[in-house]
Each structure stands twice: as C-alpha cells, then as structure tokens.
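1. what's the 3D shape of this:
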Amino acid sequence: MSWALSIDKADITKATIIEASSRPLEAGEARLAIDRFALTANNITYAAFGEAMGYWRFFPGADGRGRLPVWGFAEITESRCDGLKTGERVYGYLPAASELIVTPGKIRPDSFFDAASHRAELPPVYNRYERCAAASGYDPAREAAQMVLQPLFLTSFLIDVHLRDNGFSAAQRIVLTSASSKTALALAFLLKRNQPETLRIEGLTSARNAAFVKSSGLYDDVIAYETIENMDPEPARLIVDFAGSAEVNRALHTRFGENLNANIRVGGAHWDDSTPAQGLPGPRPVFFFAPDHARDRVAEWGPDGFAKRQGEAWSQFAAAADNLLDWRSLEGASAALNAYQALVRGEVPASEALIVEAGAR
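-> Alright, predicted model coming up:
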C-alpha cells in the first residue's frame with residue numbers, strides 16, 4: 001500500500017495515515033520509493049511552524065492537509081529524466097510517506113535538485129538530493145546518524161560559526177534551552193570542541209532529562225527549568241533557545257535582566273507554548289533561520305570550502321554520537337504514526353533516536 005502521514009495544519013495533534021494514490025510520471029520526472037527516514041523533535045518543529053515558515057509547501061497533499069517533512073533515504077524506482085537511472089539510492093528531504101515524485105534539475109554525478117514549480121521559491125538547501133553512490137560523505141554504516149543528526153547538525157554548525165564570529169555577544173555564560181534536544185547536543189559538542197576559557201556552557205532541561213543531559217558530558221552545568229529563579233543573574237548571559245517556550249523565555253529574561261546580552265531563537269521543541277512572549281525585559285529574541293546563514297557561508301567560503309569545514313565537524317560529531325543515543329528501528333506506516341503522536345506529546349525519551357523503515361509491511 002502507498003501511504004502518507006496526513007496532518008491537520010490547524011491542529012498538529014490530529015494526524016492519520018491515508019492510502020495515497022500514485023500517478024503516471026510525466027516527462028522529466030522520477031519516482032522515489034521512500035525506504036527509511038528519521039523522526040525527531042525537529043520534525044515536530046516543522047509541523048508547528050508549517051504555515052509560518054512554509055514547511056507545508058514542500059509536499060502538498062491531495063487532501064489539503066499537511067505532509068510532514070523528514071530526512072531520509074529513497075530509491076529511484078522509475079525515471080523519465082535523462083541522467084537518472086532506476087535503482088539509485090538518494091538522500092534528502094522527503095515526506096513521511098512511501099513515495100515522492102520529483103522533477104530533477106541541476107543534475108550532477110553526486111546530486112540533483114527538485115525543480116518542481118511549487119518548490120522553486122523554497123530554500124535550496126531543502127531541495128537538494130544526494131546521489132549516494134557518488135556523494136563524498138556517504139557511509140552506508142552511518143545512514144541512521146545521517147538521517148537523525150546531520151540535518152540538525154548543519155543548524156548547530158552554522159550557529160557555532162555565528163556565535164564565534166560575534167564574540168559570543170560578549171557573554172561569559174551561554175544557556176542552551178531544551179539541552180537534551182539533538183540540535184542542542186550538537187551545538188554543545190561544537191562549543192566544547194574549542195571552548196573559550198571565559199565561556200561556561202549551561203544546559204537547561206526538564207527534570208526527567210537531567211540525568212541524560214549530564215551523562216553526555218557536553219555541559220559545564222545542567223539546570224532544571226523549575227530552578228531558573230535560583231540561577232545566579234551574573235555574569236553576562238547569551239541564550240540559544242531551542243525550546244521556544246514563552247514561559248521559559250519570560251523566566252530567563254526576568255532573571256537575567258540587564259545581564260542578558262542576546263537571545264537567539266532556533267526552534268520550538270516546546271511547540272505548544274511557542275507564541276513569542278511579549279514585553280520581555282532585555283534584548284528582543286532574534287530568530288535564527290539556518291538556510292539564510294548557509295547561503296551566506298557558502299558565498300563567503302565557496303561551496304567546496306563550506307563542504308570541507310562542515311564535513312570535518314560532522315565526522316567528529318557522528319563518531320561521538322554512536323554511544324550518545326539509543327537507536328530504535330520502527331517498521332511501517334502505523335509505527336510512524338504512533339511515533340509522531342508520541343513526539344507531539346513529548347513522550348519519546350531524549351536519549352532515543354527513531355528510524356522508520358517506510359517500506360516495511
């Protein structure tokens with residue numbers, strides 16, 4: 001059965017599996033049979049900001065509901081496009097479904113872009129697909145890490161570069177909210193890799209995830225949300241906000257006051273409390289949109305220079321992550337739906353990395 005995860009755009013808690021009809025290919029198109037993909041809290045951020053950030057526009061559904069963007073691997077099972085053959089394995093941005101039809105353009109030995117008209121104005125970083133046989137960083141043994149961590153790692157890599165270029169906003173403490181999230185862990189890893197002597201890394205997390213966050217060894221201090229009011233308001237702080245919680249932001253801004261130098265908002269792990277808080281003391285939170293920063297870095301370093309720097313950092317983190325997470329494999333559409341619903345409810349342990357085998361029956 002061809003299937004797709006169908007989500008109510010107005011209420012992302014309402015999701016179901018639908019039987020998805022297929023259609024014949026038109027000239028210039030290729031059919032991707034989706035083999036496996038990752039499900040993380042990052043995907044819930046895609047859903048929560050689907051309208052505001054345009055994520056629902058990537059994979060429009062015939063039923064008018066949302067198709068959840070995920071990162072994963074697929075096989076070209078049919079091609080009416082010169083330069084792409086059946087049997088190729090590709091990696092990229094896919095719907096949580098069993099199939100995707102693409103219109104390949106800018107075809108190179110190691111990649112192509114989906115040039116479908118509805119994706120023309122969307123960020124190119126999401127429209128590029130790696131052709132695994134020629135992709136320089138592809139390692140069959142590391143597919144799980146690539147799906148779960150690499151898309152998140154790119155954001156962390158760009159934040160790390162941005163923070164260093166801006167002298168960490170002259171702060172002596174950097175607070176990472178949702179410290180158990182995979183994007184926060186990746187950033188903490190990068191910060192720790194070349195940590196300034198004057199900077200201390202603080203991980204803010206829930207009480208239930210505190211033990212996992214401490215065990216990572218990536219934070220100098222681990223603090224529970226419930227104890228924000230007990231944090232020393234000095235010295236100067238910089239917040240990197242992966243949680244996006246209005247309540248947490250208000251508590252932090254109130255606690256640090258004039259000692260808060262900047263608040264960089266990255267995600268919405270606490271999606272159900274993600275409406276920006278109004279009238280906060282201190283600096284206004286500024287949203288970090290990774291595709292814009294990626295474009296700027298590629299322009300600055302060149303495509304090869306960007307790939308080299310990011311690739312070296314990624315290899316180090318991927319190796320470290322082997323023992324950091326509990327890898328869990330799920331089979332088929334029903335398991336994908338159950339995992340999505342558990343992620344929305346916040347019931348998936350931070351230590352787990354979920355891989356959906358999409359073609360399983």
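2. okay, now the unreliable bits of this protein?
-> 1, 267-279, 360-361 (pLDDT under 70).
3. which residues in it form helices?
-> Secondary structure of the chain, counting by DSSP state H: helices at 41-48, 143-165, 182-193, 210-216, 246-256, 290-321, 332-344.
4. what comes up buried for the last one?
-> Residues of helix 332-344 classed as buried by neighbour count (16 or more other CB atoms under 10 Å): G332, A333, A335, A336, L337, A339, Y340, L343, V344. (Each C-beta comes from the backbone N, C-alpha and C, glycine too.)
5. how far off centre is that helix?
-> Between the centre of helix 332-344 and the centre of its chain there are 17 Å (CA atoms, centre = their mean, to the nearest Å).
6. again, but for the second one
-> The offset between the C-alpha centroid of helix 143-165 and the centroid of the whole chain comes to 8 Å, using CA atoms, centre = their mean.
7. E99 is nearest to which of the helices of the chain?
-> Distances from E99 to each of the helices of the chain were compared using CB to CB; the minimum, 12.1 Å, belongs to helix 332-344.
8. other residues contacting that closest one?
-> Under the criterion CB atoms under 8 Å, 6 or more residues apart in numbering, residues 1, 3, 5, 12-13, 15-17, 39-41, 43-44, 47, 68, 96, 98, 271, 330, 348, 354, 356-358, 360-361 lie in contact with helix 332-344.
9. what's the answer for stretch 132-152, then?
-> The set of residues that contact stretch 132-152 without belonging to it, under CB under 8 Å, 6+ apart, is 36-38, 40, 42, 71-73, 88-91, 109-111, 130, 182-183, 186, 307, 311, 314-315, 317-318, 321-322, 325, 327, 353-355.
10. let's go with 6 Å and repeat that
-> Under the contact criterion CB atoms under 6 Å, 6 or more residues apart in numbering, stretch 132-152 has outside partners 38, 42, 71-72, 89, 109-110, 182-183, 186, 311, 318, 321, 327, 353, 355.
11. closest one to V125 out of those, please.
-> The closest of these, once distances to V125 are taken by CB to CB, is W71, at 11.5 Å.
12. report how many residues lie close to that closest one.
-> W71 is flanked by 22 other residues according to other CB atoms under 10 Å.
13. same deal with Y91?
-> Here the count is done by other CB under 10 Å, and Y91 has 24 residues near it.
14. now do the same contact list for it.
-> Contacts were defined as CB under 6 Å, 6+ apart; by that measure Y91 touches F73, E130.
15. again with T155
-> Residues in contact with T155, defined by CB under 6 Å, 6+ apart, are T183, A290.
16. the same query, at a cut-off of 7 Å, please.
-> Residues touching T155, when contacts are defined by CB atoms under 7 Å, 6 or more residues apart in numbering, comprise T183, V266, A290.
17. any idea how far L190 is from the second one?
-> Counting by CB to CB, to the nearest Å, the separation of V266 from L190 is 14 Å.
18. what separation do you get for the residue nearest to the spatial centre of the chain and S117?
-> Nearest residue to the geometric centre of the chain (CA atoms, centre = their mean): L152, 3.8 Å. In this structure, L152 and S117 are 29 Å apart, going by CB to CB.
19. spatially nearest residue to L32, not counting backbone neighbours?
-> In space, and not counting its chain neighbours, L32 is closest to A74: 3.9 Å by CB to CB, 6 or more residues apart in numbering.
20. got a list of what that neighbour touches?
-> When contacts are taken as CB under 7 Å, 6+ apart, A74 is in contact with L32, A33, I34, D35, V90, L94, L100.
21. isn't R328 up against S351?
-> No - taking CB atoms under 7 Å as the definition, R328 is not a contact partner of S351, at 9.8 Å.
22. what about stretch 317-337, start to end distance?
-> 29 Å (CA to CA, to the nearest Å).
23. check the offset of it from the chain's centre.
-> For stretch 317-337, the separation from the chain centroid amounts to 14 Å (computed by CA atoms, centre = their mean).
24. and for stretch 235-243?
-> Mean C-alpha position of stretch 235-243 versus that of the full chain (CA atoms, centre = their mean) differs by 19 Å.
25. what's it in contact with?
-> Contacts with stretch 235-243, where a contact means CB under 7 Å, 6+ apart, come from 159, 168-178, 181, 183-184, 187, 249, 252, 256, 259-267, 269-270, 285.
26. flag every buried residue along it.
-> Counting neighbours by 16+ other CB under 10 Å, one finds that the buried residues in stretch 235-243 are A236, R237, L238, I239, V240, D241, F242, A243.
27. now stretch 314-329
-> W314, F317, A318, A320, A321, L324, L325, R328.
28. quick one on the thing from earlier: got the helices of the chain as JSON lines, with distance to R57 columns?
-> As requested, the helices of the chain are exported to JSON lines (distance: least, CB to CB, whole Å):
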{"stretch": "helix 41-48", "distance to R57": "11"}
{"stretch": "helix 143-165", "distance to R57": "18"}
{"stretch": "helix 182-193", "distance to R57": "22"}
{"stretch": "helix 210-216", "distance to R57": "35"}
{"stretch": "helix 246-256", "distance to R57": "26"}
{"stretch": "helix 290-321", "distance to R57": "14"}
{"stretch": "helix 332-344", "distance to R57": "20"}
